[in-house]
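Peer 1: with the sequence up front, the predicted model follows.
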Amino acid sequence: MIDMPSLQFADLPGLCMGYYDAGPKTDAPPVVLCHGWPELAFSWRHQIKALSEAGIRVIAPDQRGYGATDKPVAVEDYSIEHLTGDLVALLDHLKIDKAIFVGHDWGGFVVWQMPLRHPDRVAGVVGINTPHTDRAPIDPISIYRKRFGDSMYIVQFQDAARRPDGIFANDVRRTFEFFMRKPPQRASGFDAFSGNEEPTAGIGAAPKTNLALPDMVAAYDPARDSRERILSEDEMQVFVDAFTASGFTGGINWYRNISANWRRAEGLDHTVRVPALMIMAENDAVLPPSAADGMDRIIPDLEKYLVKGSGHWTQQEKPDEVSAKLIEWRRRRFG
């Protein structure tokens with residue numbers, strides 16, 4: 001039995017958004033949970049239950065392109081201005097002044113942008129796995145291509161003609177069998193995707209990490225995968241049903257705006273001036289704890305917390321620990 005509140009809908013300007021709202025309406029500031037790719041608001045099911053039972057109001061939307069929320073066709077409709085604007089519009093719909101925004105994976109990138117673009121609506125920010133960085137010196141896609149090559153998944157996503165969306169949609173269950181696993185037991189520095197040592201840091205370093213995710217999914221055989229599953233069969237079915245209905249293009253269109261987002265961010269002050277928490281996962285092969293080094297230079301009020309033994313899907317792999325840290329930090333910093 002999956003314990004989730006009732007799905008609700010908000011008619012926002014140009015978008016109908018599905019979301020969950022739990023906990024006392026009188027609690028302020030509420031916590032808004034923002035999922036990553038390829039995920040859903042359902043990814044926060046453990047935190048929705050734990051935080052609401054602790055007396056904290058928690059709101060978790062299916063973001064633009066996902067699940068119960070509309071999926072515009074145009075790539076430019078998934079810009080960072082739209083993604084952050086949707087969250088502001090959701091606050092307006094719920095008559096909320098300010099919120100604490102918590103984001104994992106792509107959701108982390110979105111929530112770190114909230115205090116830069118909508119500072120009057122943000123009480124605090126929590127990034128899970130995804131660090132906040134200053135604007136890159138060159139187009140990030142060029143950085144990814146130089147470091148990891150043309151097969152790297154974010155680079156592949158830029159070319160719709162290669163149909164990476166279709167590879168994932170061709171067998172949705174296989175796709176989620178591939179993604180939703182814990183990393184193998186490993187020593188620090190071991191890459192969970194390739195089984196190789198991680199490359200040395202720096203643009204242009206010779207990469208050993210295999211990030212050709214579409215190619216890996218296309219060749220994947222779940223029967224040969226010894227990694228531990230994260231999801232129960234019922235939980236797996238929620239993801240399979242949602243992405244069978246929606247496809248993967250909406251979420252991948254977020255990636256297709258990276259270069260345009262980078263160009264438009266020129267001159268934007270990237271300093272975060274609200275209380276912030278960075279939750280890192282020890283064994284995340286894509287967003288390792290080292291990626292958060294130096295964040296304090298642009299976030300004066302920053303705390304860090306390391307979740308040991310977790311891979312990339314931290315709030316689902318270590319739900320009790322993540323929920324406890326969110327509750328502790330929220331109470332200590334906001335009452």
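Peer 2: Received, thanks. Residues are numbered from 1 along each chain as shown.
Peer 1: count the residues that sit near residue 128.
Peer 2: Other residues near residue 128 number 32, with proximity taken as other C-beta atoms under 10 Å. Glycine gets a C-beta too; all of them are placed from N, C-alpha and C.
Peer 1: what's the spacing between the residue nearest to it when sequence neighbours are not counted and residue 134?
Peer 2: In space, not counting the residues next to it along the chain, residue 128 is nearest to residue 104; the distance is 4.1 Å by C-beta to C-beta, 6 or more residues apart in numbering. Here the distance between residue 104 and residue 134 works out to 21 Å (C-beta to C-beta, to the nearest Å).
Peer 1: who's more crowded, these two?
Peer 2: Using other C-beta under 10 Å as the criterion, residue 104 and residue 134 rank with residue 104 on top: 30 against 14.
Peer 1: spit out the contact partners of the more buried one.
Peer 2: Residues counted as contacts of residue 104 (C-beta atoms under 8 Å, 6 or more residues apart in numbering) are 34-36, 39, 43, 128-130, 314-315.
Peer 1: same thing with residue 24?
Peer 2: Taking C-beta under 8 Å, 6+ apart, we find residue 24 in contact with 55, 57.
Peer 1: switch to 6 Å and redo it
Peer 2: residue 57 (C-beta atoms under 6 Å, 6 or more residues apart in numbering).
Peer 1: need phi/psi at it.
Peer 2: phi -70, psi 130 (degrees, to the nearest 10).
Peer 1: likewise for residue 219?
Peer 2: With angles defined as degrees, to the nearest 10, residue 219 sits at phi -100, psi 10.
Peer 1: likewise for residue 87?
Peer 2: With angles defined as degrees, to the nearest 10, residue 87 shows backbone torsions of phi -70, psi -40.
Peer 1: can you count the residues close to the residue nearest to residue 19 when sequence neighbours are not counted?
Peer 2: For residue 19, ignoring the flanking residues on the chain, the nearest one in space by C-beta to C-beta, 6+ apart is residue 61 at 3.9 Å. The number of residues packed near residue 61 is 28, by other C-beta under 10 Å.
Peer 1: ok, residue 61 - contacts?
Peer 2: With contacts defined as C-beta under 6 Å, 6+ apart, the neighbours of residue 61 are 17, 19, 41.
Peer 1: who does the first one bridge with?
Peer 2: The reference is to residue 17. Per DSSP bridges, the residues bridged to residue 17 are residue 10.
Peer 1: list the contacts for it?
Peer 2: If a contact means C-beta under 6 Å, 6+ apart, then residue 17 has 10, 61, 69 as its contacts.
Peer 1: relative to residue 7, how far out is it?
Peer 2: In this view, residue 17 and residue 7 are 11 Å apart by C-beta to C-beta.
Peer 1: mean confidence for stretch 323-335?
Peer 2: Predicted confidence along stretch 323-335 averages 97 (mean pLDDT).
Peer 1: show me where this structure has its strands.
Peer 2: Along the chain, the segments classed as strands by DSSP state E run 8-12, 15-22, 31-34, 58-61, 99-104, 122-128, 276-281, 302-307.
Peer 1: returning to that earlier point: just put the contacts of residue 17 in TSV and tack on pLDDT and distance to residue 324.
Peer 2: Below are those laid out as TSV (pLDDT from 0 to 100; distance: C-beta to C-beta, whole Å):
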residue	pLDDT	distance to residue 324
10	98	30
61	98	23
69	98	29
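Peer 1: which one of the residues you listed is nearest to residue 159?
Peer 2: residue 69 (25.7 Å; C-beta to C-beta).
Peer 1: count of residues packed around the closest one?
Peer 2: Using other C-beta under 10 Å, the number of residues around residue 69 comes to 23.
Peer 1: tell me the contacts of it?
Peer 2: Residue 69 is in contact with 17-18, 62, counting by C-beta under 6 Å, 6+ apart.
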